[in-house]
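Asker: here is a sequence with its predicted model. Questions after.
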Amino acid sequence: MKLISDVQQMQRFALEQKRQGRRIAFVPTMGFLHEGHASLLREGRKRGDLLVLSIFVNPTQFAPNEDLERYPRNLEGDCALAEACGVDIVFAPTAGGMYPPGFQTTVALGPLTEPMCGASRPGHFNGVAVVVTKLFGIVQPDLALFGTKDFQQLAVIRQMTADLNLAVEIVGMPIVRELDGLAMSSRNSYLSPAERQQALCLYRAVQRVRQLFNSGETSVERLLAEARGEIEAGAEAEIDYLELRDGRTLQPVVQADAGTLFALAVRIGSTRLIDNTVLGEDV
């Protein structure tokens, strides 16, 4: 396994691999890897001749009041997990390498970015779109793998890739959960033991909505009320949003049906966590 930090070196290496006809699988991350990331890497190893992992805490997707500086980092541990998963290249650029002096280009996005995380984190998806576009240009992947825990991010990247005719297959991978159901996230490391228990309210809300829908309930008001009840039972939980939306367009729905997305963002203490499920799908 090789560690590359220089942007031009990574791009030259990737282009040479492409000239040799090698298929590049790519997993972009912000590091502090866990089993959710490992599941993407293992799938990428199956699908590509060359497996590239990027580790970059992207400053342009953080608002001034967010957790850029304290976002967890552990390059040594990340490299150990990457090597165990069969990664060929770890690309770990610097912020200065990715955004050199004079950088000024943005990517304009559409309605997919307006609700949910887009409403509560203005500018977030613009930062995501720019860094993903840059990473695609540098790494030259044939396919890129993303987790569906960040459902809206995945939808935005799929739309952007199609709209801009980027020759990258986008692969969405299932949410990986802890044994008690909490969706794996690097930000889980922020939680105190008490907050970790409180955080299970997200999974209980997901389960409750799925249970009701599978029993025949389709009322948006009833489903969201039941989900809210699960969240508000936790004294440390503060709801950012609870949404039922079309799983393809992310537009509001009048009535839930198969393919409806239930998504939520909740603050547990100072930590913002997200989760989701698509109704009617096996999980």
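Answerer: Nice, I can see it. Numbers count the residues shown, from 1 in each chain.

Asker: now stretch 252-264: mean pLDDT?
Answerer: Averaging pLDDT along stretch 252-264 yields 97.

Asker: my bad, stretch 241-248
Answerer: Averaging pLDDT along stretch 241-248 yields 98.

Asker: which parts of stretch 275-283 are buried?
Answerer: 275-279 (16 or more other CB atoms under 10 Å). C-beta coordinates here come from the backbone N, C-alpha and C atoms, glycine included.

Asker: take those and keep only those in strands.
Answerer: Among the buried residues of stretch 275-283, the members falling in strands (DSSP state E) are 275-278.

Asker: what's the helix or strand encompassing Ser39 in contact with?
Answerer: Taking DSSP states H and E as the criterion, Ser39 maps to helix 35-47. Under the contact criterion CB atoms under 8 Å, 6 or more residues apart in numbering, helix 35-47 has outside partners 23, 25-27, 29, 51, 53, 81-82, 84-87, 143, 145-147, 149, 171, 173-176, 183-185.

Asker: which helix or strand lies directly C-terminal to it?
Answerer: Helix 35-47 is succeeded, C-terminally, by strand 50-55 (DSSP H and E).

Asker: for that following strand, buried residues please.
Answerer: For strand 50-55, burial by neighbour count (16+ other CB under 10 Å) applies to 50-55.

Asker: how many residues are close by the residue nearest to Ala265 when sequence neighbours are not counted?
Answerer: Excluding the flanking residues, the one nearest Ala265 by CB to CB, 6 or more residues apart in numbering is Asp240, at 3.8 Å. For Asp240, the tally of surrounding residues (other CB atoms under 10 Å) stands at 16.

Asker: how about the contacts made by Met30?
Answerer: Listed by CB under 8 Å, 6+ apart, the contact partners of Met30 are 55-58, 71, 186.

Asker: coming back round to it: can I get the buried residues of stretch 275-283 in CSV with pLDDT and distance to Thr218?
Answerer: Shown next, in CSV, are the buried residues of stretch 275-283 (pLDDT from 0 to 100; distance: CB to CB, whole Å):
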residue, pLDDT, distance to Thr218
Asp275, 98, 21
Asn276, 98, 18
Thr277, 98, 15
Val278, 98, 15
Leu279, 98, 9
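
Asker: and which of those residues is nearest Arg204?
Answerer: Asp275 (10.2 Å; CB to CB).

Asker: picking up where we left off before, reformat the buried residues of strand 50-55 as a markdown table; add pLDDT and distance to Pro252.
Answerer: A markdown table is the format used below for those (pLDDT from 0 to 100; distance: CB to CB, whole Å):
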| residue | pLDDT | distance to Pro252 |
| --- | --- | --- |
| Leu50 | 98 | 42 |
| Leu51 | 98 | 39 |
| Val52 | 98 | 38 |
| Leu53 | 98 | 37 |
| Ser54 | 98 | 34 |
| Ile55 | 98 | 36 |
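
Asker: could you work out the most separated pair of the residues you listed?
Answerer: Spatial extent of the buried residues of strand 50-55 (CB to CB) is set by the pair Leu50 and Ile55 at 16.7 Å.

Asker: so which of the contacts of Met30 is the most crowded?
Answerer: Counting by other CB under 10 Å, top hit in those: Ile55 with 24 neighbours.

Asker: now Met116: how far from Gln152?
Answerer: 5 Å (CB to CB, to the nearest Å).

Asker: what touches both of these two?
Answerer: With CB under 8 Å, 6+ apart, Met116 and Gln152 have common neighbours 250, 263.

Asker: didn't Thr277 look like it was pressed against Arg210?
Answerer: Yes - between Thr277 and Arg210 there is a contact at 5.8 Å, judged by CB atoms under 8 Å.

Asker: and for these two, which residues touch both?
Answerer: 262, 283.

Asker: Arg222: neighbour count?
Answerer: Neighbour tally, Arg222, other CB under 10 Å: 13.

Asker: which of the three states applies to it?
Answerer: Following DSSP: H, G, I helix; E, B strand; the rest coil, the label given to Arg222 is helix.

Asker: tell me the phi and psi of Arg177?
Answerer: Phi and psi for Arg177, reported as degrees, to the nearest 10, are phi -120, psi 150.

Asker: I'd like the contacts of Met30 as TSV, with distance to Glu16 appended.
Answerer: Below are these laid out as TSV (distance: CB to CB, whole Å):
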residue	distance to Glu16
Ile55	22
Phe56	22
Val57	28
Asn58	26
Tyr71	33
Ser186	32
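
Asker: great, nothing more from me.
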